[in-house]
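Asker: Got a predicted model here, sequence first, then my questions.
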Amino acid sequence: MRLALYQPDIPQNTGTILRLAACFGVPVDVIGPAGFDMSDRNLRRAAMDYIDHVDLTRHLSWQRFLEARHAPGSGHLVLLSSKADLRLPDFQFSDSDTLVFGRESAGVPAAVREACDAAVAIPMKPPLRSLNVAVAAAIVLGEALRQTGGYPS
């Protein structure tokens, strides 16, 4: 299981997701360009001392990220989107899936959406439409780890 952040906009959300990943031993891919300075110093400030416990890979672009995924067993790309028709409780995760989260301000472009194997939405009460990306990451990762038996022992 992996988390992938597509061109994140807000360093605090990225830091929260990095802390989440550190606590559950889940690697993170950050796909650039980010909407903020992705220097080690800034990431350390956003993720605090948890940054030392994260398996973090930075990619300069979506294309570079896709090229890096050609390794055997790289699993499916599962996009989390408020526009998806498939509801989170109805999706079956695999322990090799990569959970893809879009930009806070704009989600993902059509090319990214089309490259993903599935798109899943967190069901919520109408007319509300979206959650903070770090909250969404926690909900979805929690469900994916529950389904696959991936919680740390």
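Answerer: Ah, there it is. Computed from a prediction, not measured in an experiment: that's the story for all the values here.
Asker: Surely residue 107 is in contact with residue 81?
Answerer: Yes - counting by CB atoms under 8 Å, residue 107 does reach residue 81; the two are 6.5 Å apart. Yep, even glycine has a C-beta here, placed from its N, CA and C like the rest.
Asker: Pull the distance from the longest helix seen in the chain to the chain's centre.
Answerer: Secondary structure of the chain read by DSSP state H shows that its longest helix is helix 133-148. Relative to its parent chain, helix 133-148 has a centroid offset of 9 Å by CA atoms, centre = their mean, to the nearest Å.
Asker: If I follow the layout properly, residue 147 ends up in contact with residue 89?
Answerer: No - counting by CB under 8 Å, residue 147 sits too far from residue 89 to count as a contact (10.1 Å).
Asker: between the two, who's got more neighbours?
Answerer: The neighbour count for residue 147 versus residue 89, taken as other CB atoms under 10 Å, is higher for residue 147 (14 against 9).
Asker: any idea how far that one lies from residue 85?
Answerer: Counting by CB to CB, to the nearest Å, the separation of residue 147 from residue 85 is 20 Å.
Asker: And for residue 19?
Answerer: 31 Å.
Asker: Neighbour count: those two, which is higher?
Answerer: residue 19 (19 against 9).
Asker: Once you drop chain neighbours, what's closest to that one?
Answerer: Distances taken as CB to CB, 6 or more residues apart in numbering put residue 50 closest to residue 19, at 4.3 Å, once the chain neighbours are dropped.
Asker: Count the neighbours of the one you found for me.
Answerer: Residue 50 has 17 neighbours, counted by other CB under 10 Å.
Asker: Am I right that it is in a helix?
Answerer: Yes - looking at residue 50 with DSSP: H, G, I helix; E, B strand; the rest coil, it is inside a helix.
Asker: Next, the contact list for it, please.
Answerer: 18-19, 22-23 (CB atoms under 8 Å, 6 or more residues apart in numbering).
Asker: got a list of contacts for the longest helix of the chain?
Answerer: For helix 133-148, contacts defined as CB under 8 Å, 6+ apart pick out 1, 3, 5, 8, 10, 13, 16-17, 20-21, 24, 26, 80, 88-89, 92-95, 97, 99, 101-102, 104, 120, 122, 130-131, 150-151.
Asker: let's go with 7 Å and repeat that
Answerer: Counting by CB atoms under 7 Å, 6 or more residues apart in numbering, helix 133-148 makes contact with 1, 3, 13, 16-17, 20, 24, 26, 80, 88, 92-95, 97, 99, 101, 104, 122, 151, all of which sit outside it.
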